[in-house]
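**Q** Dropping a prediction and its sequence here:
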Amino acid sequence: MKNLHVNLLATLLILVSASICYYKVTELKLPLLPVQESELWTIEAKVTYKRTAGPSKVSMMLPKQVPGFVVLDENFVSGRYGLTLENDDLNRVAQWAIRRSQDDQTLYYRMQLIPGETPEFKDKNVVYPGEQEYPEIMRTALTALLEQVRNKSADTKSFTHQLLQRLNAPDSDENVKLLRKDAATPEAWVSRVISILQDARIPARQVNLLILADGARHSRLVPWLQVYTGERWVTFNPKTGESGFPSNAVLWKYGDKPLLDVSGGKSANVDFSIYKQSRGMTAVTQQRAGIINGPVMEFSLFNLPVQTQNVYRILIMMPVGVLLIVLLRNIVGLKTFGTFMPILIAMAFRETELAWGLALFCLLLALGLMIRFYLEYLRLLLVPRLAAVLIIVIILMTFVSLLSHKLGIDRGLSVALFPMVIIAMTIERMSLVWEEHGAGESLQQCAGSLFVASISYLLMTNEYLEHLMFVFPELLLTLLAFTLWLGRYTGYRISELWRFRSVIVKGN
Amino acid sequence: MLWKNLLNPSKRLRELGLLGMNQRNGDYILKYNQRKFYPLVDDKLRTKKLAQQAGIAVPELYAVIEAEYQVAQLTEILAPYSEFVIKPAHGSGGEGILIIKGRSKEGCRKLSGALLTKSEVDHHISNILSGMYSLGGQPDVALIEYRVDFDPVFEQVSYQGVPDIRTIVFQGIPVMSMLRLPTRMSDGKANLHQGAIGVGIDMATGRTTGGVWHHDLIDAHPDSGHTINHLEIPGWDNILLLSAGCRELVSLGYIGVDIVLDSKLGPLMLEINARPGLSIQLANKQGLLPRLEAVEKIKSIPSSPEERVKLAKSIYRQTQNSQVL
């Protein structure tokens, strides 16, 4: 196998590139299409309080992890306050502290979320509660209720469901009415339910949810119920007994500790405002992937500064054009001026757009050629002649820009983006070919170059390809592999089928 | 079956054993021609000196113009010669070659009869020196050499210019030859893409087998109307011998050797090409591949050119039987 080495290398390159792509698509959920959008929730918590004498300290519970969501970004607006973050088992506590402050104080916490899976975190040790203390009369009611519920349930989950339904039933018996007493607020109700469950030796706790509603202001946390089934914590609606989280709810904190704790202040209050945005999936997922999995995304082009990103958006498309050149030259057999000249012209077309680019390029080339033919009479030596052509090209570009500006055609200004050295060399080579092989051959090569430039322009500005190449730069390895293969392609070129047509047509 | 050929043209080409550009580059030139030996053939001055040392007949070198100041002394340099050829040492594809067949008071007379003034000749040499005809535009030198007085045997079938014989020599064995006849269109030049005729040659007998002009198969010279079939090339074995001998000269495995027939001096080697074109297959109406593969099958190539010429003829006969054309 004479091509074994090339084949192995190319296959290896493709495998590497494909597996990175596969990982990015399936694990990191990077989108293959550029158009997808995702909802991005922004939650803003505004803390206000009135200062009393002395130093102030504000503690606020924050979620550590939000089940069903990925935290893209969070920030604290805390002015002159010192900020510390502490972790306990389930929550985080943000502590703002200041020695002296003004009367009315406002602090902000902002968090950005997108829907997504996060790994569940395990509770290390769940403590099984003992019997609770109840007054005698309630104890009787409780024992009766628990007895009834226990008879109608099979496990913790169905037990809790049954219990909550009984406790919430509108036409309930005397026992339940007694147990419902003095539990008017949602918080009190949840702690009452928890205490009943604990009496039945079931670990239960309060969680506080924030319901996401677009445009909501002055939102409050809603207490919810979680019950430990022996394997995991199951969430229940304390009002209906349904299990599971409501849709679009953020689990803000665990336990019944107050959300806000202020020392050295009074009338403390937390206000949540919520709004939703649609964001380009690419940027969102890149950000998310960066949070989920560091190392792979460390090398993402999205980590570059935006300006550099834009340069790479163009650069990374060049190999696509280069592969096209290889195809057109070695498989099709098209003739062009200079190997990669069409690519550079295509890059210039990005700024001018195709029709204008072609028109301006042809105009420059035609004017340049006319002057070049005149230079021929002067019998200049090669390098000075090339230099003269380059200077003339720049003069022509200036002239075209000025003229089009005067005429009010702004597009004409973009002529300045053409690579003038390339144009000068093209003019020189075109005139040589013109002299030696005639106008036909020269125009044919020129048309070939422009054709290749146009096709590579269309390819290199294709939105879908651009997205793919930028999000999956490892595709460059695939392009390299194909180029290697083409480098060992020894079959006929399509142009040769035409060139050797006299022997093909001749039948036998 | 005509339509079948048209339906799958590449299959037909494969059957005929036609060598394509990609395969020539990938399987032969890259494999058999070491890059370090390229300068030996790219510089015609070096090739000529090597050939002279090895006793291979070449057109006599009159002068080498290496620098611009020598252009001023051109009149003295050229004084002894009325006929000569000016060519760039690094030219390719026959470009930049100026053939002067006589002189008059006003200047030099080109092959076509057109007069060139002295300043036009000077400018041509300046262009050569500045690298206009060399690969990559590198500065070059101009060679002034003996103008071949070509054998009248081809007088009927060439329009001005010098007909030459191009032979592909693969590992020292001449595998395919063609006679290149200048036409009015090619301006006396012998390169096919400039409009010269390529005529296929029977390697065993040295007789022509019909030609190709541009892409058309022809039997007669388009300018004179004289037949180009079954012409006998004089001293064919000498030509093959000379071509085969060029392999050792430049240490390249896959070369095209250009030879002209001088009426007095016999065959002279003009130049060696490390990237010979593919049109020779059209002229011969046969593919190179069967012959190249036959050479690749030979385990040890004999070192004497005479033996290699014998091999060349036997390979030619072998492949003729299997040819379907």
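**A** Done, it's in.
**Q** Could you list the low-confidence segments of the stretch 101-250 of chain B?
**A** Within the stretch 101-250 of chain B, the ranges that satisfy pLDDT under 70 run B:135-137, B:188.
**Q** Which stretches in it count as strands?
**A** B:107-110, B:115-117, B:142-145, B:164-170, B:173-181, B:197-201, B:207-213, B:216-218, B:229-232 (DSSP state E, counting those that start in this stretch).
**Q** again with the stretch 201-350 of chain A
**A** A:204-211, A:222-228, A:233-236, A:249-254, A:260-263, A:265-280.
**Q** wait, which of the ones you listed is closest to chain B?
**A** Counting by C-beta to the nearest C-beta, chain B lies closest to strand A:265-280 out of the strands of the stretch 201-350 of chain A; the figure is 43.3 Å. No exception for glycine: its C-beta is placed from N, CA and C like everyone else's.
**Q** what comes up buried for that closest one?
**A** Using 16 or more other C-beta atoms under 10 Å in any protein chain shown as the test for burial, strand A:265-280 gives A:265, A:268, A:270, A:272, A:274, A:279.
**Q** and what of stretch A:377-390?
**A** A:380-382, A:385-386, A:388-390.
**Q** Export those to JSON lines and append columns for distance to A:Ala249, secondary structure and pLDDT.
**A** Formatted as JSON lines, these follow (distance: C-beta to C-beta, whole Å; DSSP: H, G, I helix; E, B strand; the rest coil; pLDDT from 0 to 100):
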{"residue": "A:Leu380", "distance to A:Ala249": "80", "secondary structure": "coil", "pLDDT": "77"}
{"residue": "A:Leu381", "distance to A:Ala249": "81", "secondary structure": "coil", "pLDDT": "74"}
{"residue": "A:Leu382", "distance to A:Ala249": "77", "secondary structure": "helix", "pLDDT": "75"}
{"residue": "A:Arg385", "distance to A:Ala249": "76", "secondary structure": "helix", "pLDDT": "85"}
{"residue": "A:Leu386", "distance to A:Ala249": "72", "secondary structure": "helix", "pLDDT": "85"}
{"residue": "A:Ala388", "distance to A:Ala249": "75", "secondary structure": "helix", "pLDDT": "91"}
{"residue": "A:Val389", "distance to A:Ala249": "71", "secondary structure": "helix", "pLDDT": "90"}
{"residue": "A:Leu390", "distance to A:Ala249": "68", "secondary structure": "helix", "pLDDT": "90"}
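**Q** Can you name the residues of the stretch 1-150 of chain A that neighbour chain B?
**A** Where proximity means C-beta under 8 Å from any C-beta of the partner chain, the stretch 1-150 of chain A presents no interface facing chain B.
**Q** just the helices in the stretch 1-150 of chain A please.
**A** A:4-26, A:136-151 (DSSP state H, counting those that start in this stretch).
**Q** For the most centrally placed residue in chain B, give its distance to B:Gly277.
**A** Taking C-alpha atoms, centre = their mean, the centroid of chain B lies closest to B:Asp258, which sits 3.2 Å from it. With distances taken as C-beta to C-beta, to the nearest Å, B:Asp258 is found 12 Å from B:Gly277.
**Q** Longest helix of chain B, counting residues only.
**A** In chain B, with assignment by DSSP state H, the single longest helix is helix B:305-322.
**Q** so what's B:Lys31 up against?
**A** Listed by C-beta atoms under 8 Å, 6 or more residues apart in numbering or on different chains, the contact set of B:Lys31 reads B:Gly253.
**Q** Tell me which helix or strand it sits in.
**A** Under the criterion of DSSP states H and E, B:Lys31 resides in helix B:30-32.
**Q** what about that helix, average pLDDT?
**A** Taken as a whole, helix B:30-32 carries a mean pLDDT of 90.
**Q** What parts of chain A come near chain B?
**A** Residues of chain A lying near chain B (C-beta under 8 Å from any C-beta): A:330, A:333, A:379, A:381-383, A:432, A:436-437, A:487-493, A:496-497, A:499-508.
**Q** which residue does the stretch 101-250 of chain B bring closest to chain A?
**A** Counting by C-beta to the nearest C-beta, the stretch 101-250 of chain B gets nearest chain A through B:Ser130, at 3.6 Å.
**Q** Show me which residues of stretch A:162-170 are buried.
**A** Across stretch A:162-170, burial judged by 16+ other C-beta under 10 Å covers A:162-164, A:166-168.
**Q** ok, these vs A:Leu459, which is closest?
**A** Proximity to A:Leu459 was ranked across the buried residues of stretch A:162-170 by C-beta to C-beta; first place goes to A:Leu164, at 61.8 Å.
**Q** What is the burial count for B:Arg308?
**A** Here the number of neighbours of B:Arg308 (other C-beta atoms under 10 Å in any protein chain shown) works out to 24.
**Q** residue contacts, it?
**A** By C-beta under 8 Å, 6+ apart, the neighbours of B:Arg308 are B:172-174, B:244, B:301-302.
**Q** Skipping its backbone neighbours, what lies nearest B:Leu50 in space?
**A** Excluding the flanking residues, the one nearest B:Leu50 by C-beta to C-beta, 6 or more residues apart in numbering or on different chains is B:Leu249, at 5.3 Å.
**Q** tell me the contacts of the one you found?
**A** Contacts of B:Leu249 (C-beta under 8 Å, 6+ apart): B:40, B:47, B:50-51, B:54, B:56, B:272.
**Q** of the residues you listed, buried ones?
**A** For the contacts of B:Leu249, buried by 16+ other C-beta under 10 Å: B:40, B:47, B:50-51, B:56, B:272.
**Q** For these, work out which two are farthest apart.
**A** Comparing all pairs in the buried ones among the contacts of B:Leu249 by C-beta to C-beta, the longest separation belongs to B:Leu40 and B:Ile56, at 13.2 Å.
**Q** Which positions in the stretch 101-250 of chain B make contact with chain A?
**A** B:123, B:126-127, B:130-132, B:137, B:193-194, B:212, B:215-217.
**Q** for those, which one is nearest B:Asp149?
**A** Using C-beta to C-beta, these come closest to B:Asp149 at B:Gln194, 22.2 Å.
**Q** Quick check: the closest one touching B:Thr183?
**A** No: counting by C-beta atoms under 8 Å, B:Gln194 stays clear of B:Thr183, with 9.1 Å between them.
**Q** burial measure for the residue lying closest to B:Gly206 once chain neighbours are set aside, as a count.
**A** Using C-beta to C-beta, 6+ apart and skipping the chain neighbours, the partner closest in space to B:Gly206 is B:Trp236 (2.7 Å). Residues lying near B:Trp236 (other C-beta under 10 Å) number 20.
**Q** Overlap in contacts, B:Gln194 and B:Thr183.
**A** Among the neighbours of B:Gln194, none is also in contact with B:Thr183 (C-beta under 8 Å, 6+ apart).
**Q** which one of the two has more residues nearby?
**A** Counted by other C-beta under 10 Å, B:Gln194 and B:Thr183 do not tie: B:Thr183 has more neighbours, with 23 against 19.
**Q** Please name the spatially closest residue to that one (chain neighbours excluded).
**A** B:Tyr159 (5.0 Å).
**Q** How much space separates B:Glu296 from B:Lys31?
**A** Counting by C-beta to C-beta, the gap from B:Glu296 to B:Lys31 is 10 Å.
**Q** Ok, A:Gln206 next?
**A** Relative to B:Lys31, A:Gln206 is positioned 80 Å away (C-beta to C-beta).
**Q** Next: A:Val234.
**A** Noted for A:Val234: a distance of 72 Å to B:Lys31, by C-beta to C-beta.
**Q** Ok, A:Gly54 next?
**A** 90 Å.
**Q** repeat for A:Ser495
**A** Taken as C-beta to C-beta, the span from A:Ser495 to B:Lys31 is 23 Å.
**Q** which helices and strands does the strand or helix carrying A:Asn175 pack with?
**A** Using DSSP H and E, A:Asn175 sits within helix A:174-180. For helix A:174-180, the helices and strands in contact under the criterion 3 or more C-beta pairs under 8 Å, 6 or more residues apart in numbering or on different chains; DSSP states H and E are helix A:136-151, helix A:156-168, helix A:186-199.
**Q** and those as a markdown table, adding mean pLDDT and distance to B:Asp164?
**A** Listed next are the helices and strands packed on helix A:174-180 as a markdown table, based on pLDDT from 0 to 100; distance: least, C-beta to C-beta, whole Å:
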| stretch | mean pLDDT | distance to B:Asp164 |
| --- | --- | --- |
| helix A:136-151 | 80 | 110 |
| helix A:156-168 | 81 | 98 |
| helix A:186-199 | 81 | 104 |
